[in-house]
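> Here is the input, now give the coordinates:
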Amino acid sequence: MSYSAGQCVRGRRTSRHRRHRRARRAMLGFALVVMIAVAAWRSVPVRFGWPEVSRASNQSSRWLQGSASDNLALLAGQSQGHAPAVKPGRLIYSYSVIPGGVQDSYELERASVRDRLVSQHFAGFDYQRARMVRLEEAKLVYLSYRMNNRVFWTKKKVRLARGEKLISDGKIMARTRCGNQVSEKAQKA
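Numbering: from 1, shown residues only. Sure thing, here's the model as predicted:
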């Protein structure tokens, strides 16, 4: 058999190049599918309101520097700037007792009906006597916070800023932005 050298090499190279091209396209397609799956998986906690899952990858550097009680007090008192909105204009703050907060006593009562933990935490709250209050000056208080479907209280006092919006029935007081209760005395979990 006599093949010209150019035809034989060219024919082999073409089929080999086609195989390699197909392999590269398959690898690229697989990498693209994996990237889409990872992006979708990372958005699941945000879409279904699982802030404790989505928060793990978004810890600030202050979290790594402080003690555990300082970190919990910090997170109970501050929001993460990129928290997902529940309704337009509402954010979910880390460790919120009521994700998205409440605007009035009616919303607080609805939240306690929907959520057993909120109902337990606000047992004894008089919804008819509830009123909105703004802090006229900054204040150091203990805060409740929610973690793994349990409610805890900070061991150290947290500073509430002047102008902070609270809801109170005269005995129980809570932040409107997160539903975390406020106390001037240390509380047990």
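
> ok, Ser94 - how many residues close by?
23 (other C-beta atoms under 10 Å). All C-beta atoms are positioned from the backbone trio N, CA, C, and that covers glycine.

> Under a three-state scheme, what state does Arg110 occupy?
helix (DSSP: H, G, I helix; E, B strand; the rest coil).

> Give the partner strands of the longest strand seen in the chain in its sheet and their orientations.
Counting residues, the longest strand found in the chain (DSSP state E) is strand 139-147. Applying DSSP bridges to the sheet, strand 139-147 is found paired with strand 150-153 (antiparallel), strand 158-160 (antiparallel), strand 181-183 (antiparallel).

> Send me that strand as PDB with only the CA atoms.
Extracted in PDB, the C-alpha atoms of strand 139-147 (Å, rounded to 0.1, in the frame of the first residue of the first chain):
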ATOM      1  CA  LYS A 139     -28.500  51.800  76.100                       C
ATOM      2  CA  LEU A 140     -26.700  48.700  77.200                       C
ATOM      3  CA  VAL A 141     -29.000  45.700  77.500                       C
ATOM      4  CA  TYR A 142     -29.000  41.900  77.300                       C
ATOM      5  CA  LEU A 143     -30.500  40.500  74.200                       C
ATOM      6  CA  SER A 144     -32.200  37.200  73.300                       C
ATOM      7  CA  TYR A 145     -31.100  35.400  70.200                       C
ATOM      8  CA  ARG A 146     -32.100  32.300  68.200                       C
ATOM      9  CA  MET A 147     -29.600  29.600  67.300                       C
END
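
> Look at Ser183 and say how many residues are nearby.
Around Ser183 there are 16 residues (other C-beta under 10 Å).

> list the contacts for it?
Listed by C-beta atoms under 8 Å, 6 or more residues apart in numbering, the contact partners of Ser183 are 141-144, 153, 173.
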